[in-house]
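>>> dropping the sequence and predicted coords here.
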Amino acid sequence: MKQLRAIIADDEEALRTYLKKKLAALWPDLIIAGEAQNGDAALLLINEQKPDIAFLDVKMPGMSGIDVAKRIAGTCAIVFVTAFDRYAVDAFESQALDYLLKPISDERFEKTVQRLKKRLSVASATNDMSATLERLSRFIQEPAPAHLQWIKAQHKDGIRLIPVGDILFFRATDKYTTVRTKDGEFLIRKTIKELEDELDPNQFWRVHRAALVNAGSVQSVSRSVAGTLTIHFKTIADQITVSRAYTHLFKQM
Amino acid sequence: MVPGVQARDHSSIHITVTPLKIAAVVIVNCLIAIFIVSINSSASFLISLIFSQCIGLSIAACTIAAANLIRIRWHSLHIAFIAVALVGGAVLGIVIGSAVARFFFPELPRINTSEHFQTSLIFALFFGVIVTYIFFSFQRISTERVRRLEVEKNAVITEIKLLQSQMEPHFLFNTLSTIISFIDNEPAKAKKMLESFTSFLRTSLVLARSETITLSQEIDMVKHYLDVFSIRMGDRLRYTIDVPDELKSFSLPPLLIQPLVENAIKHGLEPSVRGGELRITSVRNADVLRMIVVDSGRGVSETSQGNGIGLENIRKRLELAYGRKSKLIFEENKPSGVCVTIEIPYETVAGDHR
């Protein structure tokens, strides 16, 4: 039987050394063909060395272990190494893929080695894992938020980052859009229409052709004798008029 | 002054109108009518009732309108407006009252003598001031109670947040795992890391429960936290802390800086292949104290998460402790990363330990 080769990818040197020592003790025949300290380097290393086994830390700087696994799917057996992550563990458990939990226990590590030896001796080392990896990445990566979380506004000579929760309202002014927070006003280039599409519609309500209001910052809505609705805010004295087309938003339950 | 108990300086006077409150005004007006009849046997109860209802409701309407519709930052000016509204309401009430009374009792003489008017006005103002004062005080007390509850709620959330960040599985297990991997080869490093980790747990647990701590206590906690990470991240994490000695004894609410550092590492530096620098500085500029946490990490995109409950909690606590005098500012750092600045008034909580 030819000698098997493995690579180790983890951003912490101490953990790579530790893993190497364990492997040397439990599987002296295994050759460590290389080490990588981030996802990008791991991918390069795997493509270059074509190892039989890759030990991949899941959370690495740059590309994650899952991303690396996706790119190299099918070329070698993969063992994920991860700190406790309930969802990830659930996902691993249900699949044939192997994983090691940090801190790594000797007993568990031995089992992994046995499993790898067994599987790799049966010629076809890897089956198609793409579906599994897809599921894993959904569990592990933070779900990409569909809505804007920050507004970037030019302010003096820097760029101010405004968490959308701090914004009381947006108002269209000539070429720009005014962003109002309790601390002041900022101008941005995004139009009210663009903002309406990109912000969470449950948080920001269009109340006027030219105004988008953070529902959470509204203190009260008053009705004038003529029936016009005006929005008052908790922290500032500004008021926003609700145009007729949007008065239904404030109909009493 | 104790943070949190201090009145918010933009606390506007606002009266919510409920059916119960209107009923209370009507009942109080009845009691006043009864009182007037009891001290002046010649007065007719019905007429007194009409007058007291008209005057009482008119004063209530005018003062509430002044409280709710006029929006002024300056508290005492607002109270002055309400006082003017009270007098106006009393005069209006007398005019309406006499009109209504003459409608029901046409034989009644017009109140046209100034003496008649004066007496009515004195009575109206006497009761008006007392009742309005009591009503507004009640409102203030209930507003104050809501604020208190909010302060307490945020303190509890802070503690929970801290516990969560300490018990955050990745932080906890990665740290333990690093310690284990050091034990055989580099026991000295393992020992140092375990010490830093223990110190962080200990100081943060104690400090999170205090109402105010000193800046140097906060900085110590942050140092322990950073020590743990700098062993794990090696030269990918470089940090400097620059806090002048004269600011070290300054008192402030706990855990304002630590969550910012945690964010900078978690979202900015840890995911970056090259890592980066973290700089914590504190400067005093006249009566403003600035605490700045800058990282040169990945920065945020417009849809980056991480402005969640942690930052929201800092903002709320700042607002409750300092009102409008505090600021939490996020900026893009050049060439990369995020710069977060906390601004608080320098004098407010200085020297206060509770």
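Ah, there it is. Remember, predicted model here, so these are calculated numbers, not experimental data. Numbering: from 1, shown residues only, chains lettered A, B, ... in the order given.
>>> tell me which element the closest residue to A:S222 other than its chain neighbours falls in.
By the measure of C-beta to C-beta, 6 or more residues apart in numbering or on different chains, the closest residue to A:S222 outside its immediate chain neighbours is A:T230, 5.2 Å from it. The way it works is simple: take the backbone N, C-alpha and C, and place the C-beta from them, glycine included. In this structure, A:T230 is located in strand A:229-233 according to DSSP states H and E.
>>> for the stretch 101-250 of chain A, what spans make up the helices?
Taking DSSP state H, counting those that start in this stretch to define them, one finds helices in the stretch 101-250 of chain A at A:106-121, A:130-140, A:192-198.
>>> and these: which comes nearest chain B?
Proximity to chain B (C-beta to the nearest C-beta) singles out helix A:192-198 among these, at 8.0 Å.
>>> any idea how far that closest one is from the chain center?
Remark: helix A:192-198 is offset 23 Å from the chain centroid, using C-alpha atoms, centre = their mean, to the nearest Å.
>>> list the buried ones in that helix?
Taking 16 or more other C-beta atoms under 10 Å in any protein chain shown as the neighbour-count basis, helix A:192-198 is seen to contain the buried residues A:I192, A:L195, A:E198.
>>> adding distance to chain B, write these out as a markdown table.
Rendered in a markdown table, the data for the buried residues of helix A:192-198 read as follows (distance: C-beta to the nearest C-beta, whole Å):
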| residue | distance to chain B |
| --- | --- |
| A:I192 | 16 |
| A:L195 | 11 |
| A:E198 | 8 |
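>>> nearest to B:R71, out of those residues: which one, please.
Distance from B:R71 was checked for each of the buried residues of helix A:192-198 by C-beta to C-beta. The minimum falls on A:I192, at 25.2 Å.
>>> what's the end-to-end length of stretch A:158-177?
Its first and final residues considered, stretch A:158-177 spans 18 Å by C-alpha to C-alpha, to the nearest Å.
>>> so is that stretch next to chain B?
Yes - Stretch A:158-177 is in contact with chain B by C-beta under 8 Å from any C-beta of the partner chain, via A:G158, A:I159, A:R160, A:L161, A:I162, A:P163, A:V164, A:G165, A:D166.
>>> not counting sequence-adjacent ones, nearest residue to residue 26?
Answering for chain A, as no chain was given. With C-beta to C-beta, 6+ apart as the criterion, A:L26 has its nearest non-adjacent residue at 5.1 Å, and that residue is A:V113.
>>> my question was about chain B
Excluding its sequence neighbours, the residue lying closest to B:V26 (C-beta to C-beta, 6+ apart) is B:Q53, at 6.8 Å.
>>> okay, now the domains of the chain?
Chain wasn't specified; assuming chain A. According to automatic domain parsing, chain A comprises the domains A:5-140, A:150-250.
>>> to clarify, I was referring to chain B.
Here the domain parsing of chain B from automatic domain parsing is B:19-147, B:167-345.
>>> mean pLDDT lowest for which of these?
The stretch with the lowest mean pLDDT among the domains of chain B is domain B:19-147, which comes in at a mean of 85.
>>> who's in contact with A:L44?
Contact analysis of A:L44 by C-beta atoms under 8 Å, 6 or more residues apart in numbering or on different chains lists A:A36.
>>> give me the pLDDT for it.
Confidence at A:L44, expressed as pLDDT, is 94.
>>> please identify which helix or strand holds it.
Of the helices and strands defined by DSSP H and E, A:L44 is found in helix A:39-49.
>>> so which residues make contact with the helix or strand just after that helix?
Under the assignment DSSP H and E, the closest C-terminal helix or strand after helix A:39-49 is strand A:53-57. Surrounding strand A:53-57, the residues in contact under the criterion C-beta under 8 Å, 6+ apart are A:4-11, A:15, A:19, A:30, A:42, A:46, A:65, A:68-69, A:72, A:76-82, A:100, A:116, A:120.
>>> how about the nearest residue to B:V293, chain neighbours excluded?
Beyond its immediate neighbours in the sequence, the residue positioned closest to B:V293 (C-beta to C-beta, 6+ apart) is B:L260, lying 4.2 Å away.
>>> the stretch 151-300 of chain B: strands as residue ranges?
Shown for the stretch 151-300 of chain B, the strands assigned by DSSP state E, counting those that start in this stretch span residues B:213-214, B:237-242, B:251-252, B:276-285, B:288-295.
>>> what would the ones you listed look like in CSV with mean neighbour count?
Formatted as CSV, the entries for those read as follows, by neighbours: other C-beta atoms under 10 Å in any protein chain shown:
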stretch, mean neighbour count
strand B:213-214, 20
strand B:237-242, 15
strand B:251-252, 22
strand B:276-285, 17
strand B:288-295, 21
